[in-house]
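Pasting the sequence and the predicted model now:
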Amino acid sequence: MNEIVGKPIDRVDGRLKVTGKATYSAEYFPKNMVYGVLVLSTIAKGRIKNIDSRQAERVPGFVGIMSYKNSMSLHFPQGADPGAGKFAEKDLLPMQNNRIYYDGQAVAVVMAETFEQAEHAASLVKIDYEIEKPTVGLEGNLSSKYKPAAGMGGAQIQAMRGDADAALHSSEVKFEQTYTTPVYHHNAMEPHATIAEWTGDNLMVYDATQSVTGVRSLLSAMLGAPSDKINVVALFIGGGFGSKGFTWPNTILTAMAAKQINRPVKLVLSRQQMFTTAGRRSQTIQKISFGATSAGKLTSTKHETISESSFVDEYVETAGLATNMLYSCPNVEVSHSLVRLNRVTPCPTRAPGEAPGTFALEVAMDELAYQLKMDPVQLRLVNYADTDEGKSKQFSSKNLKECYRRGAEAIGWAQRNPQVGSMREGDYLVGYGMATATYPANRSPSSAKAILYADGHAEIMCATQDIGTGTYTIMTQAAADIFGLPVEKVQVKLGNSAYPKGANSGGSQVTASVGPAIRAAAVGVLEKLKKMAISDNASPLHGHKEENIFASDGRIHLKDNADKGETYTQLLNRQGLQKVEALAKTNVSNRQQTESNPAAKGTAEASAEEESKTNPAVQEDEHVDRKPYSFHSFGAQFVRVLVDPLLNRVKVDRAVSVMDIGKVMNLKLATNQIMGGMIFGIGMALLEETAYDPNNGRVVTRDLAQYLVPVNADMPQLEVQFIDIPDPIISPIGARGIGEIGITGITAAINNAIYHATGKRVRDLPVTLDKLI
Amino acid sequence: MDKNPHPPIEDDSSSSSSGTSRRGFLTQVAVAGAGLTLTPLLTGAKEILPGAPPGPAQTSTVTLTVNGQKHTLNMDERTSLLDALRENLAMPGTKKGCDHGQCGACTVLVNGRRINSCLTFAVMHQGDEITTIEGLAKGDELHPMQAAFLKHDAFQCGYCTPGQICSAVGLINEGHARTDADIHELMSGNICRCGAYQNIVAAIKEVKNV
Amino acid sequence: MEPFKFIRANDPRGAISSMAGSGAKIIAGGTNLVDLMKLNIEKPTQLIDINGLKMQTIETLPNGTVRIGALVKNSDLAYHPSIMKNFPVLSEALLSGASAQLRNMATVGGNLLQRTRCPYFYDTAAPCNKRVPGSGCSAIDGYNRNNAVLGTSKYCIATHPSDMCVAMAALGAVIHVQGPAGSREIPFGDFHLMPAQTPQYETTLKHGELITSVDIPPMPYATRSHYLKVRDRASYEFALASAAVILNINGGRIKDARVALGGVGTKPWRATLAEKVLTGAVNSEQTYRTAAEAALSEAKPYKHNAFKIELAKRTLVHALKTVGGMS
């Protein structure tokens, strides 16, 4: 067996990244390009009465201004594929009318020859508004809450089994608390950026996106331009965390502006603009109640979430979904309500739903453990869910008990004194906390192309993206194993909508979705090569059986006699072929919103589907009966904090994650992903919060000096372990995605550790020192 | 289940005050109609009404020495060193993350010292030796810090990486980091949202201890 | 950003004469000015680059005064051996500010003129009396977690953001300026202004005057000093509260005390009320607590920043304990 998968190899794109040669979307220089700068609304609700651009137009280098007054008309993107990106605000097509629904809404694009000129001109556009009173603040508007019919893509978000109220009423132990989380912003380091260039009817777009095919399909639908004339490229993306998963007005507007002036336009959001025009995580108010026996067995669980969305789209922060499956409990009620505010629409943010949801649930579990005078780990074991009781399905693979055991051992859980406020180190209070981490293991249809060249190198193409998660690398590893080639001989090409469509980079699904497709495409090539060799008189493998032929070291050869075989180069040269290629598409999906539709005729996907009918890897994969299974990753996170008792400064000292995420594709990269999630969680737990002006609803904390993300000095000593048992059901590769899960337990674990150290329970994130005084 | 009280928004494009058709691609800028009044956003603010034309942009000829190579540019004096590198010189290895000195992605070395290239004007750097991420490797041979970042997987998306590496090289040059805590502190001007800090510190320690 | 005329000054005279016009501004490190220019908060029509001036030295005068050139970079000052040894409070304050990169750019003169980080000052669409006199203060009834509790007025509650200035206030620094009318010295306490009715005026520096150097007068006991900064993030953040403390302790009594606070005042806050309590008192934790109460006795909380009063007291007590040997 070739075993590059699982090896902790360096990132294949690492050299480009450390030399500054990785090209991000703002870093192209089409000839004759102009710079576009967005003008944003400075009110949260009302209408534009007038736009006065006279001053702006006098700026040397001014090229044009686009606003609702002169912009091309757009179509609502009903036809766009919901499985590949979504326009962020379904009821607010950009610059189509004069209505303002939130502070920082895009109202004009100013274009000039240089960035400095465009910025200057944009600052001179005077906009006269008719101001209306905005709906400001979640707490003050709870009376308007309603229960949305469904979550994103039709996901079921209200759930009930048994009778939670009755069970709570009759339970021996009762617990109820409310938890609140603020608005968070993704703040990927790379700002949203687009370059759009029209050549006749052809549109070339470089866009910082988590879904090149999603952007293509939206541009096509909204602009009314044929999809096959649009090419969207995102070779490198400087982080997304969800904000680049939906398509925001900046992308569409850049294409519109480029059309208007008939020149390429580059438009990059400023950091300040990212706080109002590129999504955010919704604020939540979550009420959790438990009924339990005195032995800690849950008899009733209720999780009510109120989140907020904009007036232009309905996005639900599905905080309660994990509560429906994480613990064994006969009576569970999960509900989600929504309040509409004059804010930009929220969108998925690293572990959407689960990040704020597990914060509330796992702090509540900790509180219940203290109430019961039980060890928090023990409480979780007592309520361990062997099956997904919410879906009445078995888990495809679950090794959470081992996560608890190893995590507790790594942090030294047994040595802690469970007594609150009892532990000290020097002048500091010491606290230990733990929590369960979980995130669904998603999989969507994906296709890929594989090419083997006569010179012995292979190429893989897939329209998915590497947003920093390591997709380039692990897909190289997956393909290298099938071909029996060293990673240097495999080139994976991603981030181009012209390639066969792969999953969008969201929902921790790329590895499980794209991996099997790439593997299958490589298998498809290999099958062709084997057949060629078998029927070739001159091949040493002539007449042998396919199942006895294996690939390794750049050769195909007999499984039990490696000497009998030949190199790819020998085979292809003899056949007079420069390359052999195969398309593959795996239609497996466990996501409601990406139920597979047959590909449109004439597309690469359609060819891939056709070719996949005889692809053994696809056939084997698609014939696995996945209906009885629920797919989730799990983990246990343990934290040790130090709290300065005088100044209440909290320092996360150590943090341990033990993750059950199926097969580990690359230990080095996987460890980094989980550590990143933990750092993100430190920000969520202790630092980050987007503040709104209580009077006019405008964002106050609109830069990285006001919105505090963790810096190097905030970092604890991090330790990450993996169970590394392949998931036998999710895919032939056995790996589940890991982008999100790292953040799902850590926030609660930190909160629980602060309580253990100080005896103060802060149920409102972030836990800043003022809340501990 | 409660009904969604918020029906989709009505399309009131007909209220377009200019009366200009929005249909089709217009290349002309629509100018607002008569009766222009500006409501100052700031009540009582001393609003400067349109009148005086914006001043002309001043340009200067500047010679920048970047990675040992001299580039003579005629540029808008408002151009930050960062934009001069990324846009005027088409050297986008140096990144723009916040444009306000709050993230460190734009860190370059000027005369061996790390600075935020976003908060300085290019015209102020005539004669300075500017080193960017593109100038650290010697041909195919990576700078030891680049090699260490690669080996320790000290990044994910790679966007903050050029700034991190330049900053790390600056940190070593400065010679003030004695402990791990010093490295954490002295690298805190470089935000990595992917959270690769532990690996960044490991990479720096490896180079520092050589 | 508005266009400006860029002028390179070759000597102080040239810089001063170039400043004659009303829209002229000096640029040195640029860390604050460029930031504000990009947001159209500062709109100089003329920018005078003084980096070519010879004001980069740190020298010790015969009387023990340390004279710091206005163009000395924050990092060079912080790591200067005599500053580290004789005025640790200053070195620590500088190193607690900003980031290594910014400290390599920012100058001492510029730091004296650092402008507030009040988010409403930074948002040109929001009323702000400091930015647009007469437009109102958005912070007073808005989001004011980071705003000041000392020295506020009904026109402005913006915090002075500098760490260096807090240490210099405690050290009793003297600012040397040169102007069209000649040179003058400004005692540190007279340099920064409280907002009162005119928050747009932040210092007593007159237009056309150039800061040339800052003197730190000799203070042998300043070797026993400390700057403590408290913030949400472990680094790279402005203070929620900070304290600069210098104590001269002799025989269990505090002979002299210098105390200044940051993060809580509308200017670098010399806590003279605390100094009065400390001077002559027994060196004890009780004394520190009484001093901290005195330091904040005139504090006025707003909706989101009331915690700063308690935090500043604790910060001061903590810093006093460190310097007084009580920790």
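Cool, the structure landed.

Spell out which parts of the stretch 101-250 of chain C neighbour chain A.
By CB under 8 Å from any CB of the partner chain, the residues of the stretch 101-250 of chain C that approach chain A are C:117, C:119-120, C:122-123, C:125-126, C:138, C:141-143, C:145-146, C:230, C:232-238, C:240. C-betas here are computed from N, CA, C, even on glycine.

Now with 6 Å, please.
Proximity of the stretch 101-250 of chain C to chain A, by CB under 6 Å from any CB of the partner chain, involves residues C:119, C:125, C:142-143, C:230, C:232-236.

and which of these is nearest to residue C:173?
Using CB to CB, residue C:230 comes nearest to residue C:173 of those, at 23.2 Å.

can I assume that closest one is in contact with residue C:240?
Yes - using CB atoms under 6 Å, residue C:230 is in contact with residue C:240, at 5.4 Å.

what's the spacing between the closest residue to chain C within the stretch 201-350 of chain A and residue A:192?
Nearest to chain C in the stretch 201-350 of chain A, going by CB to the nearest CB, is residue A:272, at a distance of 8.1 Å. With the distance defined as CB to CB, to the nearest Å, residue A:272 ends up 12 Å from residue A:192.

Which one's more surrounded, those two?
More crowded of residue A:272 and residue A:192, by other CB atoms under 10 Å in any protein chain shown: residue A:192, with 28 against 23.

dump the residue contacts of that one.
Going by CB atoms under 6 Å, 6 or more residues apart in numbering or on different chains, residue A:192 touches A:208, A:250, A:269, A:278.

Can you give me the neighbour number for the last one?
By that I understand residue A:278. Residue A:278: 25 surrounding residues under other CB under 10 Å.

Up against chain B, what does the stretch 1-150 of chain C have?
Residues of the stretch 1-150 of chain C lying close to chain B (CB under 6 Å from any CB) are C:1, C:3, C:5-6, C:30-31, C:34-35, C:49, C:99-102, C:104-105, C:125, C:127, C:132, C:134-135.

now do 8 Å
Residues of the stretch 1-150 of chain C lying near chain B by CB under 8 Å from any CB: C:1-6, C:27, C:29-31, C:34-35, C:38, C:45, C:47, C:49, C:51, C:75, C:79, C:98-102, C:104-105, C:125-127, C:132-136.

Pretty sure residue A:266 sits in a helix.
No - going by DSSP: H, G, I helix; E, B strand; the rest coil, the assignment for residue A:266 is strand, not a helix.

and the contacts of residue A:192 as a markdown table, adding secondary structure and distance to chain C?
Compiled in a markdown table, the contacts of residue A:192 are given as follows (DSSP: H, G, I helix; E, B strand; the rest coil; distance: CB to the nearest CB, whole Å):
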| residue | secondary structure | distance to chain C |
| --- | --- | --- |
| A:208 | coil | 21 |
| A:250 | helix | 19 |
| A:269 | coil | 14 |
| A:278 | coil | 18 |
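
Can you tell me which of these is closest to chain B?
Nearest to chain B among the contacts of residue A:192 is residue A:208, at 9.6 Å by CB to the nearest CB.

quick one: the closest one and residue A:26 touch, right?
Yes - between residue A:208 and residue A:26 there is a contact at 7.5 Å, judged by CB atoms under 8 Å.

joint contacts of these two?
A:190-191, A:193 (CB atoms under 8 Å, 6 or more residues apart in numbering or on different chains).

Compare the contacts of residue A:192 and tell me which is most surrounded.
Going by other CB under 10 Å, residue A:208 tops those with 30 neighbours.

quick one: what helix or strand has the residue of chain B found nearest chain C in it?
Residue nearest to chain C within chain B (CB to the nearest CB): residue B:189, separated by 2.4 Å. Per DSSP states H and E, residue B:189 falls between elements, in no helix or strand.

What does residue A:625 show for phi and psi?
phi -80, psi 110 (degrees, to the nearest 10).

returning to that earlier point: Three-state assignment for the residue of the stretch 201-350 of chain A closest to chain C, please.
Under three-state DSSP, the three-state class of residue A:272 is helix.

and if you look at residue B:205?
The three-state assignment at residue B:205 reads helix, by three-state DSSP.

need the contact list for it.
Contacts for residue B:205 (CB under 8 Å, 6+ apart) come out as B:180, B:183.

Next one: the residue in the stretch 1-150 of chain C positioned nearest to chain A, what pLDDT does it get?
Going by CB to the nearest CB, chain A is nearest to residue C:125 of the stretch 1-150 of chain C, at 3.6 Å. Looking at residue C:125, its pLDDT is 97.

Spatially nearest residue to it (excluding sequence neighbours)?
Excluding the flanking residues, the one nearest residue C:125 by CB to CB, 6 or more residues apart in numbering or on different chains is residue A:42, at 3.6 Å.

can you confirm that neighbour is in a helix?
No - assigned with three-state DSSP, residue A:42 falls outside any helix and is coil.

correct me, but it touches residue C:127?
No - in this structure, residue A:42 is not within contact of residue C:127 by CB under 8 Å, at 11.4 Å.
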